[in-house]
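Enquirer: No sequence on hand, only this structure:
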């Protein structure tokens with residue numbers, strides 16, 4: 001979700017029990033992401049920030065949120081680098097909740113025959 005979209009409703013749904021992941025790697029919208037992080041921190045939210053190495057202290061002052069640091073690469077490759085920790089997080093949360101990662105539920109299978 002982009003920083004501007006956060007102001008149009010989802011911010012009202014946020015409380016201290018909802019963990020939120022913010023991807024704030026270096027790009028043109030980083031300053032807007034910083035303002036969203038500040039708004040979320042002011043609501044005492046459980047915040048996880050994915051940022052480029054070296055940006056953690058600027059984005060999360062006084063260690064007020066969890067930080068996932070990723071290397072800074074070219075803009076066209078940054079989404080590939082960012083998705084790896086997110087996939088690992090999804091995998092470990094699935095295992096933690098006792099679900100089988102190899103058999104997702106409600107997976108619709110479609111077969112095309114001629």
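Expert: Yep, it's here. Model, not experiment: these values are computed from the prediction.

Enquirer: Could you report the neighbour count for residue 97?
Expert: Residues near residue 97, counting by other Cβ atoms under 10 Å, number 7. All C-beta atoms are positioned from the backbone trio N, CA, C, and that covers glycine.

Enquirer: how close does it get to residue 83?
Expert: 21 Å (Cβ to Cβ, to the nearest Å).

Enquirer: If we go by neighbour counts, what in the host helix or strand of residue 49 is buried?
Expert: According to DSSP states H and E, residue 49 maps onto strand 46-52. For strand 46-52, burial by neighbour count (16 or more other Cβ atoms under 10 Å) applies to 47-52.

Enquirer: Let me have these in a markdown table, extended by pLDDT.
Expert: Listed next are the buried residues of strand 46-52 as a markdown table, based on pLDDT from 0 to 100:
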| residue | pLDDT |
| --- | --- |
| 47 | 87 |
| 48 | 88 |
| 49 | 88 |
| 50 | 90 |
| 51 | 88 |
| 52 | 87 |
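
Enquirer: and which of those residues is nearest to residue 76?
Expert: residue 52 (15.2 Å; Cβ to Cβ).
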